[in-house]
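Participant: just to be clear, the model below is a prediction. Sequence and coordinates:
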Amino acid sequence: MSDPSRSAGAQTAQKPNAAKNYFKHHSNVAKSTFSSQLNKPISSFFTCAVIGIALVLPCLLMLILTSIQSVSQNWDGSAQITLLLHKDISASDAGILANEIGKKQSINTSRFIDKDIALNSFKENFEFADAIDFLDENPLPHVIIVSPNDAIKTIQHIEQLKNSLLTNSEIDSALLDVMWVQRLNSITLVLERAIWVIASMLALSVILVLGNTIRLAIESRKEEIIVVKLVGGTDNFVRRPFLYMGTFFGLGGSILAWILIQIVIYLLNQPVQELATSYQSNFSLSGMNFESTLFLLLLGISLGWFGSWIAVKKHLSDIEPD
Amino acid sequence: MIKFEHVCKRYEDGHEALNDVSFSLSRGEMAFLTGHSGAGKSTLLKLIMLMERSSKGNIFVGEQNLSKIPKRQIPYFRRHVGVVFQNHRLLYDRSVFDNVALPLEISGMNHRDIGRRVRAALDKVGLLSKEKLTPIQISGGEQQRVGIARAVVNKPPLLLADEPTGNLDPTLSAEIMTLFSEFCQVGVTVLIASHDLALIHHMHYPVIQLNKGQIVDTPFKERGGDANV
């Protein structure tokens, strides 16, 4: 039974296979952990459900945020800069200026509106325009309406264009009709911050829930842990099944979260589209694409692993053979 | 193989479990450790397998000074010490085979070698036919033999046993002891803590007798501190 030469030979023959054995051991632990979780379907499902539901809310908010951001990015060049000229500029000078501006590379079209024509059309369109007759002179300035080149897509660029036009001494002031985009951007910023806060709190709760589940699992396998430690099991060996357990719970939770998100998006999309249509927008909520799915899965897995790692670190050292 | 040099063990509550214990045991030797309960038998075994650290003195196992082994190296040290426990410490949710295979799995042996070694160990203790049963399905004596198979499956040079016949009838106890002496004959150092004096005297192996944490008259005492380990 204990022939020294034979045992030494067996040990040297083992070495090249060490890595293979290690991975084999990992896959065995993973398999047995997974099947032990399947053997307790209800409690495993509840643990996954808690994790899943905690993941749904931040992910859903994130999807809504991405949808909103795509709206503010595609303002379709609807932005126009209205240039109000100084009162003492004559109509002919203003026309020349409009032509000059129109030739700039960053400008798509520029249209001159004479202040008298503007006043007339104002009178035609508004019933109470008679009040204007009481004024001594036309209160309106000459106006040039500029629409920027298609290449200009961001608010910053269009602001730059506006400022460069303002350096022209004949232009008194400029109105930029992109306030709604700016407001939307501020709202999305607030929303983004809020999502991060909510997401971190829920991630923390996932870690705590998992920590508790793993703690109970450690308690219930206390005797086994002691025996393993007595026959020479390292801390890593003892830790492994629990880390796999947490990882699988995290994976299960994120799969469940994915399903829930798709259901919620499906339920929300019709009313959201109706609402958007009433604002002449074709806005709709986008579902989970490949990247967000991958992100969700990785998030679940890493939270699961981390939660169980903390629990194992805290509780395993308490269990020593006596 | 084992050498104790003036070893003391005092627990935090002030209880002195071992006081100035010195003895040595050569490779391939077998000895009994006796004494009343509370005399320090279990403490002495715990010191050898590093479940406890000595408060004073040196303990050598093989060439290693146990006080020099850092905590994270303890698992690797324990793989070279086979231990048989009084209450078996088997895992009741696994088969006999899996219980015996545990130390080999831990040391990362491949599946085929594990099968071969486990069956050899089970064959040795006469339980080859029961490998698929769980410990609950077999008798107390058989459970103890599963524990022995698990202790020797790694082919450790040192085998410790804490009251291995504690709950067994005399016939079964004698069988178990014979098994231990067979391991001793193939070169394993065996140290058995037991209070079964009748059986011990029958076996004609050296005896280390502990009383209140000290060794009382024994052939080993004079050899304590002997460099020839």
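Facilitator: Sure, I can see it.
Participant: just checking, residue A:83 is part of a strand?
Facilitator: Yes. Per DSSP: H, G, I helix; E, B strand; the rest coil, residue A:83 lies within a strand segment.
Participant: test my guess that it contacts residue A:165.
Facilitator: Yes. Contact status for residue A:83 versus residue A:165: in contact at 6.2 Å, counting by Cβ atoms under 8 Å. In this view, the C-beta of every residue, glycine as well, is placed from N, C-alpha and C.
Participant: list residues touching both of the two?
Facilitator: In terms of Cβ atoms under 8 Å, 6 or more residues apart in numbering or on different chains, residue A:83 and residue A:165 are both contacted by the residues A:101, A:146, A:171, A:174.
Participant: pull out the buried residues from the host helix or strand of the last one.
Facilitator: Which is residue A:174. Applying DSSP states H and E as the criterion places residue A:174 in strand A:171-176. Across strand A:171-176, burial judged by 16 or more other Cβ atoms under 10 Å in any protein chain shown covers A:171, A:174, A:176.
Participant: export that strand to CSV, keeping only CA atoms.
Facilitator: The C-alpha coordinates for strand A:171-176 follow below in CSV (Å, rounded to 0.1, in the frame of the first residue of the first chain):
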residue,chain,number,x,y,z
ILE,A,171,-25.7,91.8,-36.0
ASP,A,172,-27.3,93.0,-32.8
SER,A,173,-28.2,89.6,-31.3
ALA,A,174,-28.8,86.0,-32.2
LEU,A,175,-31.6,83.6,-31.1
LEU,A,176,-30.8,79.9,-31.0
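Participant: quick one: mean pLDDT over that strand.
Facilitator: Mean pLDDT, computed over strand A:171-176, is 83.
Participant: about what we covered before: between residue A:83 and residue A:165, which has more neighbouring residues?
Facilitator: Legend: neighbour count by other Cβ atoms under 10 Å in any protein chain shown for residue A:83 and residue A:165, higher for residue A:83 (27 against 19).
Participant: quick check: beta-bridge partners of the nearest residue to that one once chain neighbours are set aside?
Facilitator: Excluding the flanking residues, the one nearest residue A:83 by Cβ to Cβ, 6 or more residues apart in numbering or on different chains is residue A:144, at 4.4 Å. In this entry, residue A:144 is beta-bridged to residue A:83, residue A:112, by DSSP bridges.
Participant: low-confidence ranges in the stretch 1-150 of chain A?
Facilitator: A:1-16, A:72-78, A:128-129 (pLDDT under 70).
Participant: run the last query once more with 90
Facilitator: Scanning the stretch 1-150 of chain A for pLDDT under 90 picks out A:1-29, A:32-33, A:36-40, A:43, A:57-150.
Participant: where do the helices sit along it?
Facilitator: Taking DSSP state H, counting those that start in this stretch as the criterion, the stretch 1-150 of chain A carries its helices at A:4-14, A:18-38, A:41-73, A:91-103, A:115-125.
Participant: with chain B instead?
Facilitator: For chain B, the helices defined by DSSP state H cover B:41-48, B:74-78, B:96-106, B:111-124, B:140-152, B:170-185, B:197-203, B:219-223.
Participant: distance check, the residue sitting nearest the centre point of chain B against chain A.
Facilitator: Geometric centre of chain B, nearest residue: residue B:160, 1.0 Å, by Cα atoms, centre = their mean. Residue B:160 sits 11 Å away from chain A, going by Cβ to the nearest Cβ, to the nearest Å.
Participant: how's the chain carved up into domains?
Facilitator: Reading this off chain A. Here the domain assignment for chain A is A:27-74+A:183-316, A:81-177, based on automatic domain parsing.
Participant: that was the other one, I meant chain B.
Facilitator: Recorded structural domains for chain B (assignment: automatic domain parsing) are B:1-80+B:158-229, B:90-155.
Participant: return the most buried member of the ones you listed.
Facilitator: Here the criterion is mean neighbour count by mean count of other Cβ atoms under 10 Å in any protein chain shown, and of those the winner is domain B:90-155, at a mean of 20.
Participant: any idea how far that domain is from the middle of the chain?
Facilitator: Here the centre of domain B:90-155 is set off from its chain's centre by 17 Å, with Cα atoms, centre = their mean, to the nearest Å.
Participant: in contact with the closest residue to residue A:52 other than its chain neighbours, which residues?
Facilitator: Closest residue to residue A:52 apart from its sequence neighbours, by Cβ to Cβ, 6+ apart: residue A:256 at 3.2 Å. Applying Cβ under 8 Å, 6+ apart to residue A:256 gives the contacts A:48, A:49, A:51, A:52, A:53.
Participant: how many residues are close by residue A:313?
Facilitator: Neighbours around residue A:313, by other Cβ under 10 Å: 12.
Participant: from one end of stretch B:55-72 to the other, what's the distance?
Facilitator: Start-to-end span of stretch B:55-72 (Cα to Cα, to the nearest Å) is 20 Å.
Participant: OK, contacts around residue A:273?
Facilitator: A:283, A:284.
Participant: I'd like the distance between it and chain B.
Facilitator: 55 Å.
Participant: contacts for stretch A:63-71?
Facilitator: Residues external to stretch A:63-71 that are found in contact with it (Cβ under 8 Å, 6+ apart): A:184, A:187-188, A:191-192, A:195, A:261, A:265, A:281, A:283-288, A:292.
Participant: err, stretch A:105-116, not the other one
Facilitator: Residues outside stretch A:105-116 that contact it (Cβ under 8 Å, 6+ apart) are A:77, A:91, A:94-95, A:97-99, A:101-102, A:138, A:140-152, A:161.
Participant: with adjacent residues omitted, what lies nearest to the closest residue to chain B within the stretch 51-200 of chain A?
Facilitator: In the stretch 51-200 of chain A, no residue comes nearer to chain B than residue A:51, which is 26.7 Å away by Cβ to the nearest Cβ. Of all residues beyond its chain neighbours, the one nearest residue A:51 is residue A:253 (2.7 Å), with distances taken as Cβ to Cβ, 6+ apart.
Participant: which SS state does that neighbour fall under?
Facilitator: When classified by three-state DSSP, residue A:253 comes out as helix.
Participant: just to revisit the earlier point, buried only: go through the contacts of stretch A:105-116 for me.
Facilitator: Buried residues within those, counting neighbours by 16+ other Cβ under 10 Å: A:94, A:97-98, A:101, A:138, A:140-148, A:152, A:161.
Participant: one step back: and the contacts of residue A:256, which is closest to residue B:10?
Facilitator: Nearest to residue B:10 among the contacts of residue A:256, counting by Cβ to Cβ, is residue A:51 at 48.4 Å.
Participant: which parts of the stretch 201-322 of chain A sit against chain B?
Facilitator: A:223-224, A:226-235, A:237, A:320-322 (Cβ under 8 Å from any Cβ of the partner chain).
Participant: which members of those are classed as buried?
Facilitator: A:224, A:226-235, A:237, A:321.
Participant: sort out for me which of those residues are in helices.
Facilitator: In helices, defined here by DSSP H, the members of these are A:224, A:226, A:227, A:228, A:229, A:230, A:235, A:237.
Participant: for those, which one is nearest residue B:213?
Facilitator: Looking across these and measuring by Cβ to Cβ, the closest to residue B:213 is residue A:230, at 23.8 Å.
Participant: isn't that closest one right up against residue A:322?
Facilitator: No. At 10.6 Å, residue A:230 does not count as touching residue A:322 under the criterion of Cβ under 8 Å.
Participant: any common contacting residues for the two?
Facilitator: Counting by Cβ under 8 Å, 6+ apart, the contacts common to residue A:230 and residue A:322 are residue B:51.
Participant: report the rounded mean pLDDT for stretch A:228-246.
Facilitator: For stretch A:228-246, mean pLDDT is 92.
Participant: pick the most buried one from the domains of chain A.
Facilitator: domain A:27-74+A:183-316 (a mean of 17).
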